[in-house]
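J.: please work out how this folds:
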Amino acid sequence: MNYPLKYFSERIGGDHVKVEFPVPADVDPAYWNPDLANIAAYQKADLILLNGAGYAKWIAKVSLPQSKMVDTSRKFKDRYIQTKQAMTHTHGAAGQHAHAALAFSTWLDLTLAIRQAEAVAWAMGRQRPQLRDTFQSNLKALARDLQSMDQDLQTIVSQKPSLPLIVSHPVYDYFARRYGLKIVSVHWEPDQVPGDEQ
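T.: Here you go, the predicted structure:
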C-alpha cells in the first residue's frame, strides 16, 4: 500500500472500514520491507490493496492470500511506463538502491488514479456487498475531486507548456506524460543540502 491508496480507501470506505498503513512516516513506502508482525497483519486483513506496476517489491517474497490481494493498476497495464535506465542512489537510512525499470507512481496521472480508486471501490463492494452503493457514492465524490484537480493542472500547464518541471526524484513519469511536461530530476534528498554544482 502507499499513501494514495490509503487516502482512496479512507474516502471510499469512510467509517465503514479500518484502513491500516504500517509504513513508518520517515520511510519511503516504495522501498519499505515489512517485518514478521506486519506480514502476519497483512495475512489477517480483509483486503490487501496493491499499487502494482512494480511498486512494493517485497510482495513477491512473502506468502499472502491471493484472494485478498487487489492490484489496483492491473486493468491498465498497457499504460505502464518503461523507464529508460535505472538510477542508483540512496534514501537516507534505507541505503543505496536503483529505481526499477517500470515507473510505479501511476497515481500521478489523475485519470489513472481514478481507475485505481475504482478498483478499491470494487474490492470493497465485493467484500461488503451491503455497502456497495455507499462505496460507489463515495467513489463518485472522490472521482469528481480528482477530475477537478486534473482540469486545474491542465489549465496551469497550458499557460506555460514549454516550462520544464524540476523534481527531486525520477518518479514523475506519469505526471509528465499526462500533462505534457518535460521533467528535470535533480535527485535531491530531504535530509541533504544540495551541493554548489546543483
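J.: tell me what the helix or strand in which residue 151 is found is packed against?
T.: Using DSSP states H and E, residue 151 sits within helix 132-159. With contacts defined as 3 or more CB pairs under 8 Å, 6 or more residues apart in numbering; DSSP states H and E, the packing partners of helix 132-159 are helix 3-13, helix 110-127, helix 173-179. (C-beta placed from N, C-alpha, C; glycine too.)
J.: how close does residue 188 get to residue 172?
T.: With distances taken as CB to CB, to the nearest Å, residue 188 is found 13 Å from residue 172.
J.: for those two, indicate the residue with more neighbours.
T.: residue 172 (19 against 14; other CB atoms under 10 Å).
J.: so who does the nearest residue to the more buried one once chain neighbours are set aside touch?
T.: Counting by CB to CB, 6 or more residues apart in numbering, residue 183 is the residue found nearest to residue 172 once chain neighbours are left out, at 5.2 Å. Applying CB atoms under 8 Å, 6 or more residues apart in numbering, we find residue 183 in contact with 164-165, 167, 170, 172-173, 175-176.
J.: try 7 Å this time
T.: Residues in contact with residue 183, defined by CB atoms under 7 Å, 6 or more residues apart in numbering, are 165, 167, 172, 176.
J.: check contacts around residue 142.
T.: Contacts of residue 142 (CB under 7 Å, 6+ apart): 8, 11-12, 117.
J.: same list, those, but as CSV with distance to residue 21, pLDDT and neighbour count please.
T.: Below are the contacts of residue 142 laid out as CSV (distance: CB to CB, whole Å; pLDDT from 0 to 100; neighbours: other CB atoms under 10 Å):
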residue, distance to residue 21, pLDDT, neighbour count
8, 12, 98, 27
11, 14, 98, 19
12, 15, 99, 29
117, 16, 98, 24
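J.: from those, which single one is nearest residue 25?
T.: Of all those, residue 8 has the smallest distance to residue 25: 19.0 Å, by CB to CB.
J.: least confident secondary structure element in the protein?
T.: When the helices and strands of the chain are scored by mean pLDDT, DSSP states H and E, strand 88-90 comes last with a mean of 60.
J.: so for stretch 154-171, mean pLDDT?
T.: For stretch 154-171, mean pLDDT rounds to 86.
J.: ok, stretch 178-192 next?
T.: Here the average pLDDT along stretch 178-192 is 80.
J.: which stretches of the protein have low pLDDT?
T.: For the chain, the stretches with pLDDT under 70 are 85-100, 187, 189-194, 196-198.
J.: again, only using 90
T.: Within the chain, the stretches falling below the threshold (pLDDT under 90) are 1, 24-32, 52-63, 65, 83-103, 160-172, 182-198.
J.: can you tell me which two in the contacts of residue 142 are farthest apart?
T.: 11 and 117 (7.7 Å).
J.: what about the closest residue to residue 188 other than its chain neighbours, distance to residue 141?
T.: Excluding its sequence neighbours, the residue lying closest to residue 188 (CB to CB, 6+ apart) is residue 168, at 4.5 Å. Separation of residue 168 from residue 141 (CB to CB): 31 Å.
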